[in-house]
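>>> Okay, here's the prediction I keep looking at, along with the sequence it came from:
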Amino acid sequence: MISVYLQRETWAHRLPARLKLVTLAVVSVFLFPQESPLLLGGSVAATLGLYGSLGRDGLRQILLLKPLLFFFAIILGLHGLSGTWEAGFVVLMRLAAMVLLANFVSVTTRMDDMMDAVQPLFRPLSWFGGSPRTPALAVALVLRFAPVLMSVYASLADSFRARGGRRGHWRLIAPFALQSLRMSENVAEALTARGGARGMAPIEKQIERKRWARLQAPANNKGMVIRK
């Protein structure tokens, strides 16, 4: 329910999650200051090629980004009013390249792999008694929910247009907010049922934790004093 993970085994799925996240960060930092339309356009084309390498299912993932076209149109329109069309196209291509690449990482990386890749960044929290898995889970959910929310908005927009509405109407804001809140409540209940961030640990670690708890139970029972 909370994932748009592409359920296929491809070359991108076999890459380590940490390598994909580091590559995403490096490419984003590299593209952010770039102003060359040729370079940014080539980056968008290369990213689209990555989706094409995943087959038809990969190309369908691009459709999840349709809601961004409305915001891209607003950005381009504002630049048009100020007479800076070229700068507007540069901004759009930069955003498109980074969003497409981030979505590519999201659809080819499992949630637990993403958490394990991000968790070392928050390991210093354990020095103060905190859990590094909690912020790692938050980061993984943010990366995973971005395309999910886009797909929700796209489905609402399609339903609204089927009833004779216009594209990108302001009346979609309220149902989109309600759908997002309902989804967040369902995800929160599912995470609570699994034990929160600890429940999102790999199954091997969960089994080891339960086995250790069973071994500790007899020792604790021996120390109990039964009072009559």
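Great, that's in hand.

>>> what's the burial count for the nearest residue to Thr47 once chain neighbours are set aside?
Using Cβ to Cβ, 6 or more residues apart in numbering and skipping the chain neighbours, the partner closest in space to Thr47 is Leu100 (4.4 Å). (C-beta placed from N, C-alpha, C; glycine too.) Close neighbours of Leu100, defined as other Cβ atoms under 10 Å, add up to 20.

>>> Tell me which residues touch Leu100, please.
44, 47-48, 51, 62, 65 (Cβ atoms under 8 Å, 6 or more residues apart in numbering).

>>> Could you list which of the residues you listed belong to helices?
Cross-referencing these with the helices (criterion: DSSP state H) gives 44, 47-48, 51, 62 as the overlap.

>>> max-length helix in this structure?
With DSSP H applied, the helix covering the greatest number of residues in the chain is identified as helix 133-162.

>>> Beyond that one, next helix or strand please.
The C-terminal neighbour of helix 133-162 among helices and strands, as given by DSSP states H and E, is helix 173-193.

>>> Direction-wise, compare that next one with helix 133-162 and give the angle.
Between helix 173-193 and helix 133-162, the angle comes out at 150 degrees (axes from the mean of the first three to the mean of the last three Cα atoms, to 10 degrees).

>>> residues near Ser126, how many?
Neighbour count of Ser126, defined by other Cβ under 10 Å: 11.

>>> Spatially, which residue comes closest to it, not counting chain neighbours?
Of all residues not flanking Ser126 in the chain, Pro132 sits nearest, at 5.8 Å (Cβ to Cβ, 6+ apart).

>>> For that neighbour, give me the backbone phi and psi.
In terms of degrees, to the nearest 10, the main-chain angles of Pro132 are phi -70, psi -20.

>>> my read: it touches Ala138, true?
No. The pair Pro132 and Ala138 does not pass the contact test of Cβ atoms under 8 Å, sitting 11.1 Å apart.

>>> These two: who's more crowded?
Pro132 (18 against 14).

>>> what's the helix or strand for the residue nearest to Thr47?
For Leu100, the enclosing helix or strand under DSSP H and E is helix 85-107.

>>> just the ones in helices among the contacts of Leu100 now: which is nearest Ala96?
Using Cβ to Cβ, Val44 is the member of the ones in helices among the contacts of Leu100 that sits closest to Ala96, with 5.3 Å.

>>> Please tell me how far the closest one sits from Pro132.
Val44 sits at a distance of 35 Å from Pro132 (criterion: Cβ to Cβ, to the nearest Å).

>>> quick one: contacts for the closest residue to Glu86 other than its chain neighbours?
With Cβ to Cβ, 6+ apart as the criterion, Glu86 has its nearest non-adjacent residue at 7.2 Å, and that residue is Pro37. Shown here is Pro37, whose contacts under the criterion Cβ under 8 Å, 6+ apart are 86, 89-90, 93.

>>> how many neighbours does the closest residue to Glu35 other than its chain neighbours have?
Nearest residue to Glu35, sequence neighbours excluded (Cβ to Cβ, 6+ apart): Val90, at 5.8 Å. Around Val90 sit 19 other residues, with neighbours defined as other Cβ under 10 Å.
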